[in-house]
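S.K.: Need the 3D shape of this:
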Amino acid sequence: MSPPFHSILHSSSTPLCPHLPLSPQTKQKEQTNPSALSAHNTRNGPSEFTVTGSLKKWDIRPSLHKIAVPTLLLNGRYDEAQDEVVEPYFRAIGKVKWYRFAESSHMPQLEEREEFMKVVVGFLLG
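M.R.: The predicted model follows:
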């Protein structure tokens, strides 16, 4: 098993952010908002790795060419959304920038906060 997936499967924090423990705010949000888990399970199903919910057959890619505003795509080296997942969006959207964080999984705003802020602010001001 490759290291990123090993980290995801064996993490005591969260599958989307295996490098960091959950913050108290995130833990509290998860504990006090059971409808968020219910909504996730409706969309994705109970597993992060096999989608069985309502998103299973949903595909936005045929409509991406309609996006006419500047768009920033972000992913991380250890993200579920690997480069081959992001690339079709990058190719189909007209005004698009794509940034891949070197040491992040799915939550670069926490894992590489300084770099994340630099990238997002640069995009918004750019």
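S.K.: tell me the SS of the most centrally placed residue in the chain?
M.R.: Closest to where the C-alpha atoms of the chain average out (CA atoms, centre = their mean) is His106, at 4.1 Å. At His106, secondary structure determined by DSSP: H, G, I helix; E, B strand; the rest coil is coil.
S.K.: cool, Asn75 as well?
M.R.: The three-state label for Asn75, taken from three-state DSSP, comes out as strand.
S.K.: Next up, the contacts around it.
M.R.: Asn75 sits next to 81-83, 85-86, 98, 100-101 when contact means CB atoms under 8 Å, 6 or more residues apart in numbering. C-betas here are computed from N, CA, C, even on glycine.
S.K.: quick one: which two of those are the most distant?
M.R.: Pairwise distances across those peak at 14.6 Å for Val85 and Phe101 (criterion: CB to CB).
S.K.: neighbour count winner among those two?
M.R.: When neighbours are counted by other CB atoms under 10 Å, Val85 and Phe101 differ, and Phe101 comes out ahead with 21 against 11.
S.K.: Where does the prediction get shaky in the chain?
M.R.: In the prediction, the chain carries residues with pLDDT under 70 at positions 1-34, 36.
S.K.: picking up where we left off before, which of the contacts of Asn75 are buried?
M.R.: Members of the contacts of Asn75 that pass the buried threshold by neighbour count (16 or more other CB atoms under 10 Å) are listed as 86, 98, 100-101.
S.K.: how far out from the middle of the chain is stretch 47-61?
M.R.: Centroid separation between stretch 47-61 and its chain, computed with CA atoms, centre = their mean, to the nearest Å, is 14 Å.
S.K.: typo on my end, it should be stretch 45-65
M.R.: Averaged C-alpha coordinates place stretch 45-65 at 13 Å from its chain's average position (CA atoms, centre = their mean).
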